[in-house]
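Visitor: Curious how this folds, go ahead:
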Amino acid sequence: MMPQFIRRYRRDEEPVPFTLNGSPEIGRRGDTVMTAILSVSGGLRHTEFTGESRAGFCLIGACQDCLVTMPDSSRVRACTTALAPGMAFVTTGPQGLKGGCHD
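Guide: Now for the predicted structure:
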């Protein structure tokens, strides 16, 4: 599946490496976790209830629809968390159903 977001601006910002489902990816300085993931993926997470793909809802940190899972099983709000070098996210398999998808 194609990325949900197409980066049109800030392409020359400093690259920020992160990992999505074991694959190395690159975000940009100033990205939120949501922006970085949706720039390389068609979805942010799957719902725990139906398995449907989600890409966030309120985008201001109020609804919890953008929670994504990290390898240690903790979760972060993708829409309000700044991407930092070396962050890793698991959005596939049983662990990823708690908060993610990579289509």
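Visitor: how close does T47 get to R54?
Guide: From T47 across to R54, the span is 6 Å (C-beta to C-beta, to the nearest Å). Heads up, the C-betas are built off the backbone N, CA and C, glycines and all.
Visitor: where does the protein dip in pLDDT?
Guide: In the predicted model, the chain carries pLDDT under 70 at residues 1, 93-103.
Visitor: any chance you could map the helices in it?
Guide: With DSSP state H, the ranges of helices along the chain come out as 33-38, 93-96.
Visitor: Just want the most central residue of the protein.
Guide: I37 (3.6 Å; C-alpha atoms, centre = their mean).
Visitor: residue contacts, it?
Guide: Listed by C-beta atoms under 8 Å, 6 or more residues apart in numbering, the contact set of I37 reads 20, 44, 68, 78, 89, 91, 102.
Visitor: Just the closest of those residues to G27, please.
Guide: Closest approach to G27 among the contacts of I37 (C-beta to C-beta): L20, at 9.8 Å.
Visitor: is the closest one in a bridge, and if so with what?
Guide: Counting by DSSP bridges, L20 forms beta bridges with S23, F89.
Visitor: Assess the claim that it and S39 are in contact.
Guide: No - L20 is beyond contact range of S39, at 10.4 Å (criterion: C-beta atoms under 8 Å).
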